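Q: Task: produce atomic coordinates for the following.
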Amino acid sequence: MSYLIFDDLPDILDAAQIASALRISRAGAYNLLSSEDFPTLHIGRRKLVMKNDLIQWLKSHTNTTPKH
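A: From the prediction side, this is the model:
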């Protein structure tokens with residue numbers, strides 16, 4: 001999986017940027033940000049994610065088992 005699409009994103013992403021990058025709804029991004037295993041950064045009332053943590057999380061949740 002190529003992560004070059006994330007090169008133009010800022011180092012810290014908010015829900016709207018996550019939604020755009022992953023092509024999901026903002027509600028879906030907020031669901032991710034509220035998940036226990038998602039690397040959410042809390043600053044005040046804001047929920048953010050660092051780009052590198054998002055990429056690592058995606059890699060760890062990618063099914064790499066080949067299908068026959």
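
Q: hey, let's count contacts and neighbours off CA atoms from now on
A: Fine.

Q: residue ranges with poor pLDDT in the protein?
A: Judged by pLDDT under 70, the chain has its weakly predicted residues at 1-3, 66-68.

Q: And the strands in it?
A: Ranges of strands in the chain, per DSSP state E, are 12-13, 41-43, 46-50.

Q: how about the helices in the chain?
A: 15-22, 26-34, 51-60 (DSSP state H).

Q: Now for the most centrally placed residue in the chain: which residues touch it?
A: Against the mean C-alpha coordinate of the chain, by C-alpha atoms, centre = their mean, the closest residue is residue 54 at 4.1 Å. For residue 54, the contacting residues are residue 39, by C-alpha atoms under 8 Å, 6 or more residues apart in numbering.

Q: Relative to residue 4, how far out is it?
A: 13 Å (C-alpha to C-alpha, to the nearest Å).

Q: Just send the strands of the chain back as JSON lines, with mean neighbour count and distance to residue 35 too.
A: Shown next, in JSON lines, are these (neighbours: other C-alpha atoms under 10 Å; distance: least, C-alpha to C-alpha, whole Å):
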{"stretch": "strand 12-13", "mean neighbour count": "16", "distance to residue 35": "16"}
{"stretch": "strand 41-43", "mean neighbour count": "12", "distance to residue 35": "12"}
{"stretch": "strand 46-50", "mean neighbour count": "16", "distance to residue 35": "11"}
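
Q: any chance of these in TSV, with distance to residue 21 too?
A: Output for those, formatted as TSV (distance: least, C-alpha to C-alpha, whole Å):
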stretch	distance to residue 21
strand 12-13	10
strand 41-43	17
strand 46-50	12
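
Q: Alright, that wraps it up for me.
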